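Colleague: sequence and computational prediction follow.
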Amino acid sequence: MQSEEIRQLLARFEALVRHFEGVECWLARELQHVLGYERWESFAGVLERARTACAGAGQVVGDHLREVTKMVRVGSGAERGIVDVAITRYGCYLLAQNGDPRKRAVQDHLLSCPQ
């Protein structure tokens, strides 16, 4: 693994940060692409495993992986709500820990985390 690859991945990750009610977080539908998932349906399984790990660690799941509704434009110009998940930095760590280790971004994250 090249340190430049890690820096690029980290820069992509940090560029997506948002603040909700003073809390630093990321949206799952944006983060899924950084971690190499093209389909929401595939990423939903990772989210569920991260929720299980969060609860197993004695944390309040809603504090780290909170379901939200995001408005998106549809073809007619109207908007409709879709489900998304606001994720804290700890929640992002859990996502990477429970992601598919065959995906390059997940591999890079796992190798760059302190053990």
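Modeller: It's in. Residues are numbered from 1 along each chain as shown.

Colleague: kindly list the longest helix within the protein.
Modeller: helix 40-56 (DSSP state H).

Colleague: so what does that helix touch, helix or strand wise?
Modeller: Judged by 3 or more CB pairs under 8 Å, 6 or more residues apart in numbering; DSSP states H and E, helix 40-56 is in contact with helix 28-34, helix 61-64, strand 65-73, helix 89-97. Using the backbone N, CA and C atoms, a C-beta is placed for each residue, glycine as well.

Colleague: just the ones you listed: most buried one?
Modeller: When you average the neighbours per residue for each of the helices and strands packed on helix 40-56 (mean count of other CB atoms under 10 Å), helix 89-97 leads with a mean of 21.

Colleague: what about it, average pLDDT?
Modeller: Helix 89-97 carries an average pLDDT of 92.

Colleague: so which elements touch that helix?
Modeller: Using 3+ CB pairs under 8 Å, 6+ apart: helix 89-97 touches strand 23-27, helix 40-56, helix 61-64, helix 104-112.

Colleague: hmm, back to that, what does the longest helix of the chain contact?
Modeller: Contact with helix 40-56 is made by 28-29, 32, 35, 37, 61, 64-65, 85, 90-91, 94-95, 97-100, as judged by CB atoms under 8 Å, 6 or more residues apart in numbering.

Colleague: are we agreed that residue 6 is in a helix?
Modeller: Yes: assessed by DSSP: H, G, I helix; E, B strand; the rest coil, residue 6 belongs to a helix.

Colleague: where in the chain is pLDDT low?
Modeller: For the chain, applying pLDDT under 70 flags the ranges 1-2, 103-115.

Colleague: just to revisit the earlier point, turn the helices and strands packed on helix 40-56 into a markdown table, including distance to residue 44.
Modeller: A markdown table is the format used below for the helices and strands packed on helix 40-56 (distance: least, CB to CB, whole Å):
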| stretch | distance to residue 44 |
| --- | --- |
| helix 28-34 | 9 |
| helix 61-64 | 15 |
| strand 65-73 | 11 |
| helix 89-97 | 11 |
